[in-house]
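K.L.:
show me how the following folds:
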Amino acid sequence: MTAGVTDLRDGVRAATARLREAGVVSADVDAVELAAHVLGVDSSEVRRLMVLGGRTLPSTYAVLVDERAARVPLQHLTGRAHFRRLTLAVGPGVFVPRPETEVLVDLALAEVDRVHAPERPEPVRVVDLCSGSGAIALSVKDERPEAEVRAVELSPDAYAWAVANRDRLGLDVDLVQGDATSACFEDWTGGVDLVTINPPYIPVGAVPVDPEVRDHDPDIALYGGSEDGLAIPLAVARVAAGLLRPGGLVLIEHADSQGESLPRRLAGTGEWVEVQDHRDLSGRPRVTAARRSR
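P.N.:
Predicted coordinates:
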């Protein structure tokens, strides 16, 4: 693509080819999303306008395409990430939420529905540890407003993004900055119904292949603190065990290579029962579920 291309249809087609040559898997989607961003419309409107013709692109589009071809994350260029029903503000310093995490939210919502009952006077209590942008906590509150949701994030940058998302979306989630491997929300100790965790879990020394992850996601959100990547997830799981009531559920996202090792390690602690793993929409191991032993 060149800066001289201004026609919307030709510009998006040229951008798609440029991004595909740069190794961007979602080249077509990203080219359209960038056009939507510079035009101030949604992606479906861009595709409609491409059919109708007669629209042009500003010169800033070529600049953004160049940056995306250099493997700057799409979400950093647009400042937004779509996650379930929400559009989240994201950028440098915060982990960009991934579609595969949505299966964890599906499991969380099912548990909220299971616990919630008309005869139960108190709300379902949910805690999200390692909250990042707030994607999980905010989605649970958005889709199950009757739940009482709290969340913890260690990174000051990520915490700021999460607070900004909460305030812009107007969702009542109690967010605190703190270490999820240490005790938190002590007034809820032993009384939480559900804990969700998307911890750093990449094995130390295993460098991600995708430049978008390797070069732009913060290390604090990626690496699990040990050669198997499970040191931090297991430490956070211990905090979850202290928060949960007997029979309460923990949901932990993990790498697809940890679909057997994480459940085995959790079961070996004696703190958990009914330990089972769940696959994401691509069929890869993704979320371990376990109940607090009674």
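
K.L.:
what helix or strand is residue 163 on?
P.N.:
helix 156-169 (DSSP states H and E).

K.L.:
which elements pack onto that helix?
P.N.:
With contacts defined as 3 or more CB pairs under 8 Å, 6 or more residues apart in numbering; DSSP states H and E, the packing partners of helix 156-169 are strand 86-89, helix 135-143, strand 148-153, strand 173-177. In short, each C-beta sits where N, CA and C put it, glycine included.

K.L.:
contacting residues for residue 228?
P.N.:
Taking CB atoms under 8 Å, 6 or more residues apart in numbering, we find residue 228 in contact with 203, 258, 261.

K.L.:
if we can go back for a sec, how far out from the middle of the chain is the helix holding residue 163?
P.N.:
Chain-centre distance of helix 156-169: 13 Å, with CA atoms, centre = their mean, to the nearest Å.

K.L.:
all helices for the stretch 101-250 of the chain, in order.
P.N.:
Secondary structure of the stretch 101-250 of the chain, counting by DSSP state H, counting those that start in this stretch: helices at 102-115, 135-143, 156-169, 211-216, 231-243.

K.L.:
distance from the chain centre to stretch 148-162, please.
P.N.:
On CA atoms, centre = their mean, the centre of stretch 148-162 falls 12 Å from the chain's centre.

K.L.:
in this protein, which ranges drop under the pLDDT threshold?
P.N.:
Under the criterion pLDDT under 70, the flagged ranges of the chain are 1-5.

K.L.:
by neighbours, which of the contacts of residue 228 wins?
P.N.:
Using other CB atoms under 10 Å as the neighbour criterion, residue 258 leads those with 25 neighbours.

K.L.:
quick one: it and residue 154, what's the gap?
P.N.:
Distance of residue 258 to residue 154, given as CB to CB, to the nearest Å: 21 Å.

K.L.:
same check on residue 252?
P.N.:
16 Å.

K.L.:
what do you get for residue 219?
P.N.:
Distance from residue 219 to residue 154, by CB to CB: 12 Å.

K.L.:
quick check: residue 221 touching residue 155?
P.N.:
Yes: with contact defined as CB atoms under 8 Å, residue 221 and residue 155 form a contacting pair (7.1 Å).

K.L.:
who's more crowded, those two?
P.N.:
Higher neighbour count among residue 221 and residue 155: residue 221, with 24 against 19, using other CB under 10 Å.
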